[in-house]
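J.: take this sequence and fold it.
(one chain, ligands or ions: 1)
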Amino acid sequence: MEPATKSFSNKENIVLFNDNNVDTKGIDSLKKIIDIDQKDTYSKDEIINSVILGDSLKVLKKFPAEIFDVVFLDPPYFLQLPKKELKRWTVNTIVEGVDDEWDKFQSFEEYDKFIQNLLIDVKRVMKPEGTIWIISTYHSIFRIGKIMQDLGYWILNDIIWVKTNPMPNWLGVRFTNATETLIWAVKDKNSKKYTFHKEYAKQFGIGKVAANVWILPLCNGKERLKDETGKKVHSTQKPVELLKRVILTSSNEGDLILDPVAGVGTTGYVARSLNRNFVMIEKNPKYVEWIEKRFKKNLNLIDKTNFNDTKYVLNFNLWDKP
Ligand SMILES: C[S@@+](CC[C@H](N)C(=O)[O-])C[C@H]1O[C@@H](n2cnc3c(N)ncnc32)[C@H](O)[C@@H]1O
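T.: Prediction:
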């Protein structure tokens with residue numbers, strides 16, 4: 001199989017990752033744990049390098065305090081799409097938006113309560129100098145930011161992810177939404193000794209500057225998990241490249257990384273390939289099965305330490321289709 005590539009312009013192909021190695025260690029290196037109410041506590045050794053099938057609002061309370069170096073949180077967006085089918089009226093095809101059950105809440109109050117409870121539980125299990133990343137769109141990132149600040153988290157940066165292949169605004173009645181925001185924070189204003197690798201930040205930023213703007217495509221092509229009918233397994237699978245940037249800039253080899261809303265497990269998958277430890281929690285058994293399948297194959301990240309990588313970030317085309 002050829003390495004997966006993304007064409008950013010007619011001139012240049014950037015190799016994002018190589019998925020052609022079958023991993024033998026991979027099969028053993030993922031533990032699957034099914035959480036049950038009768039289980040009261042988990043030790044760090046028990047959960048290291050695992051995916052836990054369960055509700056993170058129950059599971060996190062069973063973990064020891066202050067064990068995680070980094071948390072990556074990609075929570076439900078609460079998109080509130082209209083009930084009717086969204087069609088591209090120009091070509092008459094159906095838009096595959098996010099209309100999953102896991103994204104549904106009755107009200108902003110219910111959504112806020114969920115985020116707040118999750119952030120309280122996460123804060124308890126973060127090391128004093130640990131950091132947290134939260135990603136979302138304009139639908140909820142502002143609410144999340146306020147909740148974080150109210151809980152005492154201290155925001156270090158927001159990173160704007162500019163998507164090179166955003167979903168077009170078919171009706172042309174608003175700007176095309178081509179960004180998502182990541183908030184990067186410590187659990188407390190006084191946490192000063194957190195990990196930040198400036199060289200990686202420079203590599204991923206714009207020009208020579210470690211700017212808070214990352215330009216990369218949505219997850220697509222060979223990287224996108226599809227079922228036997230060709231349907232996307234998860235509507236919001238995040239790109240490997242995004243997690244690579246998060247993990248390389250904010251952690252060290254051997255660190256322990258938590259993703260309490262794991263989806264199809266991108267965080268743990270990238271963490272493993274970069275020699276970090278991980279714990280993932282996901283409540284949907286179908287996604288957990290896909291995580292298991294995914295982990296049977298090794299992710300062989302390319303350019304993981306090459307600071308002199310060709311710069312491509314200014315050379316993109318918003319209308320470059322997958
Ligand atoms: C935005 S998706 C995460 C996608 C993921 N980053 C990926 O790359 O595949 C959010 C996930 O959170 C899960 N989820 C929502 N509430 C949860 C809860 N209370 N406990 C565990 N998982 C939950 C959903 O099932 C969904 O898969």
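J.: what does the stretch 101-250 of the chain have sitting close to the ligand?
T.: Within the stretch 101-250 of the chain, the positions adjacent to the ligand are 102, 234, 236-238 by C-beta under 6 Å from any ligand atom. Any C-beta I mention is one placed from the backbone N, CA and C, and that applies to glycine too.
J.: how are the strands of the stretch 1-150 of the chain distributed by residue range?
T.: 4-7, 13-18, 31-34, 50-53, 68-73, 87-88, 93-94, 126-136 (DSSP state E, counting those that start in this stretch).
J.: report the distance from the third one to the chain centre.
T.: Mean-position distance between strand 31-34 and its chain equals 20 Å (C-alpha atoms, centre = their mean, to the nearest Å).
J.: is there proximity between it and the ligand?
T.: No - if you take C-beta under 6 Å from any ligand atom as the test, strand 31-34 misses the ligand, and the best it gets is 12.9 Å.
J.: likewise stretch 269-282?
T.: Yes - against the ligand, stretch 269-282 shows contacts by C-beta under 6 Å from any ligand atom at 281-282.
J.: buried set for that stretch?
T.: 269-274, 276-282 (16 or more other C-beta atoms under 10 Å).
J.: what about those residues, which are in helices?
T.: Under the assignment DSSP state H, these contribute 269-273 to helices.
J.: and the buried residues of stretch 269-282 as a markdown table, adding pLDDT?
T.: Below are these laid out as a markdown table (pLDDT from 0 to 100):
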| residue | pLDDT |
| --- | --- |
| Y269 | 96 |
| V270 | 96 |
| A271 | 96 |
| R272 | 95 |
| S273 | 93 |
| L274 | 94 |
| R276 | 96 |
| N277 | 97 |
| F278 | 98 |
| V279 | 98 |
| M280 | 98 |
| I281 | 98 |
| E282 | 98 |
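J.: count of neighbours near the residue in the stretch 151-300 of the chain positioned nearest to the ligand?
T.: Here the residue of the stretch 151-300 of the chain nearest the ligand is G263; by C-beta to the nearest ligand atom that distance is 2.4 Å. Using other C-beta atoms under 10 Å, G263 has 23 other residues around it.
J.: so, low pLDDT: which residues of this structure?
T.: Scanning the chain for pLDDT under 70 picks out the ranges 1-28, 81-98, 302-322.
J.: by residue count, which helix of it is the longest?
T.: Every helix in the chain considered (DSSP H), the longest is helix 108-125.
J.: and for that one, what's in contact with it?
T.: Residues outside helix 108-125 that contact it (C-beta atoms under 8 Å, 6 or more residues apart in numbering) are 56-57, 60-61, 63-68, 71, 73, 75-76, 78, 105, 132, 140, 143-144, 147-148, 151-153, 187, 258, 260-261.
J.: that helix to strand 126-136, inter-axis angle?
T.: 150 degrees (axes from the mean of the first three to the mean of the last three C-alpha atoms, to 10 degrees).
J.: need the buried ones from the residues of the stretch 101-250 of the chain next to the ligand selected in ChimeraX.
T.: The following ChimeraX line selects those of these that are buried, judged by 16+ other C-beta under 10 Å:
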select :102,234,236,237,238
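J.: can you list the buried residues of stretch 269-282 in TSV and add distance to W170?
T.: Listed next are the buried residues of stretch 269-282 as TSV, based on distance: C-beta to C-beta, whole Å:
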residue	distance to W170
Y269	32
V270	32
A271	36
R272	38
S273	37
L274	38
R276	40
N277	43
F278	38
V279	39
M280	34
I281	35
E282	31
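J.: quick one, helices of the stretch 51-200 of the chain?
T.: Under the criterion DSSP state H, counting those that start in this stretch, helices of the stretch 51-200 of the chain are mapped to 56-59, 108-125, 141-150, 198-204.
J.: excluding its backbone neighbours, what's nearest the residue of the stretch 151-300 of the chain closest to the ligand?
T.: H234 (5.1 Å; C-beta to C-beta, 6 or more residues apart in numbering).
J.: show me what contacts the one you found?
T.: Contacts of H234 by C-beta under 8 Å, 6+ apart are 225, 263-264, 287, 290.
J.: before we move on, the earlier item: would you mind listing the buried residues in the longest helix of the chain?
T.: Per 16+ other C-beta under 10 Å, helix 108-125 contains these buried residues: 111-112, 115-116, 118-119, 121-125.
J.: closest one of those to the ligand?
T.: Distances from the ligand to those, taken by C-beta to the nearest ligand atom, are shortest for L118, at 7.3 Å.
J.: that closest one and D74, how far apart?
T.: Separation of L118 from D74 (C-beta to C-beta, to the nearest Å): 12 Å.
J.: just G172 next, same as before
T.: 29 Å.
J.: compare these two (neighbour count), which wins?
T.: A direct count of neighbours by other C-beta under 10 Å for G172 and D74 places D74 higher, at 23 against 8.
J.: so that one touches P260, yeah?
T.: No - with contact defined as C-beta atoms under 8 Å, D74 does not reach P260; the gap is 9.7 Å.
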